[in-house]
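Student: attaching a predicted model along with its sequence, questions to come.
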Amino acid sequence: MSLYKRLIYYSLLIASPILWKTAEAQDYEFEIPTEEEAAKLEFNGNLDAKGGILQSNTTSPVYGLKFFGQDNPDYLSQYRLDFYLNGDYRYKQVGLTMRTFSQYTKEEPLELSFYELYGSLNLSPRLTFGVGKRRYNWGTGYAFNPVGYVNTEKDPENPDLALAGKSSVYLKYNRSFNSGFIQNLSLSTIVLPEAADILDKYSKFGDLSATVKLYVLTNNIDLDFMFFYGPDQTRCYGIDFSTNLLENIELHGEASYSNREEISVIQNGDVQINEVSGFSHLLGLRYLTAWNMTVIAEYYHNNNGLSRQEYQDYQTYLENNLITGDADLINETRSVMTDNFSSKNLMRDYLYVKASLPEPFKWLYSSVSVFIIYNLNDNSFILSPQIGYEPFTNSEILLWPSFLFGKDDSEYGSKHFRKKLEIWFRFYF
Amino acid sequence: MRIIKLSFFVILFSHSSFVLGQNSLPVSARGDEILKKVDEVLSPGSVEFYRKLINEEPDGAKKEFVFYSVKKDRDKVAMLYLLPASDKGRATLRLDDNMWLYIPRVGKPIRITSMQSIVGGVFNNSDIMRLDYSVEYDVVKLDESGDSYILNLKAKTRTVSYDSLKMWVIKKNNIVQKVECYAPSGKLIKTLEFTQIKDFGGGIVRPAVIETTSPLYRGYKSVMIYSDIKRKNLLDEVFTLDYLSRLGELR
């Protein structure tokens, strides 16, 4: 080793602790994260305290079956607390979303339902991937959505109500264009496993559903094209649109074709499941009057709904089973009601009209509205006005009566109540 | 002879244009130029900002909202509700004439009209989700009064919320002072007053407060306060229906 090399060697040897310390100091240096880089965890929600009085429809077989073996008072009351707790966690590209629901009606352990619980990787504003239980709301209709293949069925009496989602895996790609025919395009793919119905834990392998949706914004028109593939080779093809015709008129519509849908009917006094194919569709508009009233009107044709005769057969079936007084048969009939005839839109053709006016008579923070759902097949309907008021920030009071009209064997005439008055107190946090 | 006459007029015209310079522009062209400068001052390029909206009632009661907003180009605006808790997570998007509202509980954006008011009070959607004035209006008349320009604007299409506007602009810095909004009948619908000129940094100097009153709502007043206006690079995909539920990620 030459002297020169030796000098370098010893110099390094002597300096090594310093160099080590320096290296150590560099390794352990860090920057305190700014607020923008820190993880974000947020909670919010609301408590709905609800009370209601119902006038019983004691001649209805639905009422008879529901309250079989109970006292049959002319008026029923109900009190409950609905509690919604939502949480969102975000750290850079990773997100976790939770929406829960609990209902308190009497002193017993509360059950917590996860309406939504999913994780998402927001890879960029253009690409998102997610897994978990998530609510989708496809379609441009307000009260009904014939193209809502992945939706949880809405209640047309309260379309804005929070609903439970579905277990799914989704991938979304989103792209904007500055010029040309298309302003924005997005492609969504969703895969949904079947519900775990084997020992409440398992489902049949291969029973998956898959959907694809293509959205385009072109010439100020929202357009969606959907395709759904489900078990047993069920295929659905859908299209919807929405556009503003004028500054105060919006027009929307949906059309869906299905090659195979199940419909439950009563034949020879027994439940039979038939398969139908065909089109369901919806056409609607949203109109803002000169005095600030918003009117939503929609016509809906439900291809797998019951005809007038089929609904009458169903009512006869319920009535015949009720009058036997046989507890086992009545329990079986109740199961049929919930498993086969629980849809919110059991029949074929409906007309929905809602008019709402914020701050009537210049009463600030109040609102009034009224809606009607008219069954065009049997001329029965529900009429429901609402009065809302926000006395303080983050609080709301809603007074909500409902009146049902129709013959005894019609859809709305056969419900278990004739009139209903509800009052909601809602508190947000 | 004809050629000589023609040449004479061409030379005369080009010479007068050269001498008179900008002032020789037709009134509407000069007015449009001023209007574009007004827009540049109010919303310069691609920005993010926070706003507080206070609705005041005749009895002194107040309702307050806080929004986080992003704006890009002249026709893209998105806004997220931060307060109150009852509206938290709602988001609105405006792309040119199209406007949507996203409500977390409902889970999808719905088309709304610019004439509706989603927050109550004197402001309507188009006031809160306003595009550049020059996107929606043409200058039809330009007057001057002391240190101010007075622009008379006419809506380019029927889908614009107000048929016409009258706008007062400070000459030296192109900052808008006041805007009166009129219905097609000529009736005054509301008045917006721009006050508290503030330097937000990054070359952004503009009014920080907009006060709105309306003869249709006697005694009511809406005040919009701007804060933390910053330039921010934003992808076009931020201004899409798919991104509405994710707007909070930008904060």
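Tutor: Sure, I can see it. Remember, predicted model here, so these are calculated numbers, not experimental data. Residues are numbered from 1 along each chain as shown, chains lettered A, B, ... in the order given.
Student: which regions of chain B sit below the pLDDT cut-off?
Tutor: Residues of chain B meeting the criterion pLDDT under 70: B:1-27, B:114-126, B:159.
Student: stretch A:296-304 near chain B at all?
Tutor: No: Stretch A:296-304 stays out of contact with chain B when judged by C-beta under 8 Å from any C-beta of the partner chain, the minimum separation being 10.1 Å. For the C-beta atoms, the positions are set from N, CA and C on the backbone; glycine is no exception.
Student: relative to the whole chain's centre, how far out is that stretch?
Tutor: 18 Å (C-alpha atoms, centre = their mean, to the nearest Å).
Student: flag every buried residue along that stretch.
Tutor: Buried residues in stretch A:296-304, counted by 16 or more other C-beta atoms under 10 Å in any protein chain shown: A:296, A:297, A:298, A:299, A:300, A:301, A:302, A:303, A:304.
Student: quick one: mean pLDDT over that stretch.
Tutor: If you average the pLDDT over stretch A:296-304, you get 96.
Student: residues in contact with that stretch?
Tutor: A:141-144, A:146, A:256, A:258, A:261-263, A:276, A:278-287, A:345, A:347-355 (C-beta atoms under 8 Å, 6 or more residues apart in numbering or on different chains).
Student: was I right to think residue B:216 contacts residue B:189?
Tutor: Yes: with contacts counted by C-beta atoms under 8 Å, residue B:216 reaches residue B:189, the gap being 6.6 Å.
Student: more neighbours: the two, which one.
Tutor: residue B:189 (17 against 13; other C-beta atoms under 10 Å in any protein chain shown).
Student: how close does the more buried one get to chain A?
Tutor: 12 Å (C-beta to the nearest C-beta, to the nearest Å).
Student: and for residue B:215?
Tutor: 13 Å.
Student: and the buried residues of stretch A:296-304, which two are the farthest apart?
Tutor: Greatest spatial distance among those (C-beta to C-beta): A:296 and A:304, at 24.2 Å.
Student: checking residue B:40 next. Helix, strand or coil?
Tutor: helix (DSSP: H, G, I helix; E, B strand; the rest coil).
Student: so what's the closest residue to it other than its chain neighbours up against?
Tutor: Nearest residue to residue B:40 in three dimensions, chain neighbours excluded: residue B:174, at 7.6 Å (C-beta to C-beta, 6 or more residues apart in numbering or on different chains). By C-beta under 8 Å, 6+ apart, the contact set of residue B:174 is B:34, B:37, B:38, B:40, B:41.
Student: hmm, 6 Å instead?
Tutor: By C-beta atoms under 6 Å, 6 or more residues apart in numbering or on different chains, the contact list for residue B:174 reads B:37, B:38, B:41.
Student: dihedrals phi and psi, the residue of the stretch 301-429 of chain A found nearest chain B?
Tutor: Using C-beta to the nearest C-beta, residue A:428 is the residue of the stretch 301-429 of chain A that sits closest to chain B, at 4.0 Å. Backbone torsions of residue A:428, given as degrees, to the nearest 10, read phi -100, psi 150.
Student: what does residue A:268 give?
Tutor: Dihedral angles (degrees, to the nearest 10) for residue A:268: phi 50, psi 40.
Student: over to residue B:80?
Tutor: According to degrees, to the nearest 10, residue B:80 has phi -120, psi 130.
Student: count of residues packed around it?
Tutor: Residue B:80: 23 neighbours (other C-beta under 10 Å).
Student: and the gap between it and chain A?
Tutor: 12 Å.
Student: residue nearest the centroid of chain A?
Tutor: For chain A, the residue lying nearest the average C-alpha position, counting by C-alpha atoms, centre = their mean, turns out to be residue A:163 (4.3 Å).
Student: show me the residues around that residue that make contact.
Tutor: Each residue near residue A:163 by C-beta under 6 Å, 6+ apart is listed here: residue A:152.
Student: before we move on, what about the one 10 residues further on?
Tutor: Each residue near residue A:173 by C-beta under 6 Å, 6+ apart is listed here: A:127, A:187.
Student: show me what it is bridged to.
Tutor: Beta bridges link residue A:173 to residue A:127, residue A:187, judged by DSSP bridges.
Student: please spell out the ChimeraX selection for the buried subset of the contacts of stretch A:296-304.
Tutor: Buried members of the contacts of stretch A:296-304, defined by 16+ other C-beta under 10 Å, are picked up in ChimeraX with:
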select /A:141,142,143,144,146,256,258,261,263,280,281,282,284,286,287,345,347,348,349,350,352,353,354,355
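Student: out of the contacts of stretch A:296-304, list just those in strands.
Tutor: A:256, A:258, A:261-263, A:276, A:278-287, A:349-355 (DSSP state E).
Student: for residue A:48, pull up the helix or strand it's in.
Tutor: Assessed by DSSP states H and E, residue A:48 sits inside strand A:40-56.
Student: same thing with residue A:317?
Tutor: helix A:308-324.
Student: alpha carbons of that helix, as CSV, please.
Tutor: The C-alpha coordinates for helix A:308-324 follow below in CSV (Å, rounded to 0.1, in the frame of the first residue of the first chain):
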residue,chain,number,x,y,z
ARG,A,308,-105.0,-5.9,-12.9
GLN,A,309,-106.3,-9.5,-13.0
GLU,A,310,-103.1,-10.9,-11.6
TYR,A,311,-103.2,-8.5,-8.7
GLN,A,312,-106.8,-9.4,-8.0
ASP,A,313,-105.8,-13.1,-8.0
TYR,A,314,-103.1,-12.3,-5.5
GLN,A,315,-105.6,-10.5,-3.2
THR,A,316,-108.0,-13.5,-3.5
TYR,A,317,-105.1,-15.9,-2.5
LEU,A,318,-104.3,-13.8,0.6
GLU,A,319,-108.0,-13.6,1.6
ASN,A,320,-108.6,-17.3,1.1
ASN,A,321,-105.6,-18.3,3.2
LEU,A,322,-106.5,-15.7,5.9
ILE,A,323,-110.0,-17.0,6.4
THR,A,324,-108.8,-20.5,7.1
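Student: report the distance from it to the chain centre.
Tutor: The answer for helix A:308-324 is 31 Å, by C-alpha atoms, centre = their mean.
Student: packing partners of that helix?
Tutor: Packing partners of helix A:308-324 (3 or more C-beta pairs under 6 Å, 6 or more residues apart in numbering or on different chains; DSSP states H and E): helix A:61-66, strand A:249-267.
Student: got the contact list for that helix?
Tutor: A:61, A:64, A:65, A:265, A:266, A:329, A:333, A:347, A:377, A:378, A:409, A:414.
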